[in-house]
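Asks: 3D, please:
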Amino acid sequence: MIFETVIGVEVHAQLRTKSKMFCGCGTTFGLSANSQTCPVCLGLPGSLPVINRAAVEMAVRAGLALNCTIAENNRFARKNYFYPDLPKGYQISQYESPICRHGWIEIRDGSGTKQIRVRRAHLEEDAGKNIHETGTSGSRVDLNRAGTPLLEIVTEPDMRSADEVVAYLKGLRDILMYLDVCDGNMEEGSFRCEPNLSLRPSGQQEFGTKVELKNINSFKYVKDAIEYEIKRQAKVLNEGGKISQETRLWNIERGETAVMRSKEEAHDYRYFPDPDLVPLKLDDEWIQGFHADLPELPAVRTKRFVSDYGLPEYDATILTASKGMADYFEVCVKQFNQPKTVSNWVMGELMRELNNSGTDISAAPVMPERLVSLLQMVDQGTISLKVAREIFPELYNSGKDPEQIVREKGLTQVSDEGALEKIIEEVLGKNPGQVAQFKEGKQQVLGFLVGQVMKASGGKANPGKVNELLKEKLA
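Replies: All right, here's what the predicted structure looks like:
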């Protein structure tokens, strides 16, 4: 039987606030266990939560960027369940009144675009973290993360493949990072995604039974987990079995999903309004103030890079995936108006060194001015393109100006015709056979002779000049 895949996605994006959602404890990642806790996030009796204004502002900005309607009247609810990392026995979240509703983002879909609807985005607090160590008789709990502000973003079931899910997640992550409301770090758990997947016979309108996938911390594993789960469900259905509504974990080592628990319904959580938090009312004028301050978002910037700079869409998409990278590119182009050349260097040499050193573009040792200086030296014929590429790692690691590196290494390109003619005459004198072949019509021999001149000059000869003078000598 032929099946259609139906996928919706829940994303938990940790907001970049300095303090937690309902108390003043810090949110710094990686500190010693339980060092960022207080009576509120420990759930001690008598402690009262207070709403973090910065988290609300970030949620509004994110909602606006996702084309959502922002609710002026908000209410927090208690989501009741028991787990060792949930000290209060409930999580403060939003249920009937989410802060953001009915939005959408656009993704690339083959040769065109597709709109993915956002059902809701709501504020909530994170739980703690259970630590299971091998060789010990029990588990421990770190509550540093408990109370950290999250924006949970839920889509409609609009996606039909793993590739569409990855495109949506990358697009959403880029938007949140442009807004500086989430750092997008999947390994640290700042951007967690949970696809909900079901299959239905092709042409059927009714949805199948959905399975939620958890424990996925990279785009590659998202794709792998979904593709595995599609095959697993199709096999079960084709053999006459039924899909259970459950949560499954992605096992990286085994490359398969495994049952974690049966999937809960909303009524299982017994939501009710949190009596310790008064309803939150947002002023429309206040909301519109954030709308006016939204930055140029990735999709819009990509289109502008194509139209204004004449870049291929591939280049524009890569450059605008990171706000820092896009800003870096534009600073360079303002000083060196050759967009495609700048794009090649940023996506090539610069990104390679950044990846090798694990450095973010914001901390790149090569400032735009130094890259521009290097490109100008190539453009003016001071050094060859080959030399520029060879010295770039030193430019990246040393902190020196390109002019200083070229001067110290004696790499200035030789363009003086008199000096080049002398080298050319020596090369032609040593290679009479190749000269004869060229004069007999074997044009490809020119490349060999150019190579010999470059070798004789120690790579310093200007290749353009060498070609020009060789043709004159051989005419």
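
Asks: Gln443 belongs to a helix?
Replies: No - checked against DSSP: H, G, I helix; E, B strand; the rest coil, Gln443 lies outside a helix; its state is coil.

Asks: Low-confidence ranges, the stretch 251-400 of the chain, go.
Replies: 264, 266 (pLDDT under 70).

Asks: all strands for it, in order.
Replies: Taking DSSP state E, counting those that start in this stretch, the strands of the stretch 251-400 of the chain run over residues 256-262, 272-273, 280-281.

Asks: Of all these, which one comes closest to Glu468?
Replies: Glu468 lies closest to strand 256-262 among the strands of the stretch 251-400 of the chain, at 62.9 Å (Cβ to Cβ). In short, each C-beta sits where N, CA and C put it, glycine included.

Asks: From the rest of the structure, what touches that closest one?
Replies: For strand 256-262, the external contacting residues (Cβ atoms under 8 Å, 6 or more residues apart in numbering) are 211, 213-214, 225, 228-229, 232, 244-251.

Asks: Which residues does Leu123 form beta bridges with?
Replies: Note on Leu123: beta-bridge partners by DSSP bridges are Leu151.

Asks: Mark which of the contacts of strand 256-262 are part of helices, please.
Replies: Counting by DSSP state H, the part of the contacts of strand 256-262 found in helices is Ala225, Tyr228, Glu229, Arg232.

Asks: which of those tops the neighbour count?
Replies: Ala225 (26 neighbours; other Cβ atoms under 10 Å).

Asks: Find the nearest non-adjacent residue to that residue, please.
Replies: Of all residues not flanking Ala225 in the chain, Trp250 sits nearest, at 4.2 Å (Cβ to Cβ, 6 or more residues apart in numbering).

Asks: per-residue pLDDT, the one you found?
Replies: Note on Trp250: pLDDT of 94.

Asks: Per the annotation, how does the protein divide into domains?
Replies: 3-287, 296-409, 417-474 (automatic domain parsing).

Asks: can you pull the contacts of Leu428?
Replies: Contacts for Leu428 (Cβ under 8 Å, 6+ apart) come out as Val435, Leu449, Lys473, Leu474.

Asks: Compute the number of surrounding residues for the third one.
Replies: Residue crowding around Lys473 was assessed by other Cβ under 10 Å; the count is 14.

Asks: and whichever strand or helix holds it, what other elements does it pack with?
Replies: Element membership for Lys473 (DSSP states H and E) is helix 463-474. Where contact means 3 or more Cβ pairs under 8 Å, 6 or more residues apart in numbering; DSSP states H and E, helix 463-474 is packed against helix 417-430, helix 432-439, helix 445-456.

Asks: Make sure the residue nearest to Ala225 is actually in contact with Ile216.
Replies: Yes - here Trp250 reaches Ile216: they are 5.1 Å apart, a contact under Cβ atoms under 8 Å.

Asks: Report the set of residues contacting both of those two.
Replies: Common neighbours of Trp250 and Ile216 (Cβ under 8 Å, 6+ apart) are Ala225.

Asks: coming back round to it: could you dump the helices and strands packed on helix 463-474 to CSV with distance to Gln14?
Replies: Putting the helices and strands packed on helix 463-474 into CSV (distance: least, Cβ to Cβ, whole Å) gives the following:
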stretch, distance to Gln14
helix 417-430, 61
helix 432-439, 66
helix 445-456, 54
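
Asks: For Asn144, which of the ones you listed is the nearest?
Replies: Among the helices and strands packed on helix 463-474, the nearest to Asn144 by Cβ to Cβ is helix 445-456 (59.7 Å).
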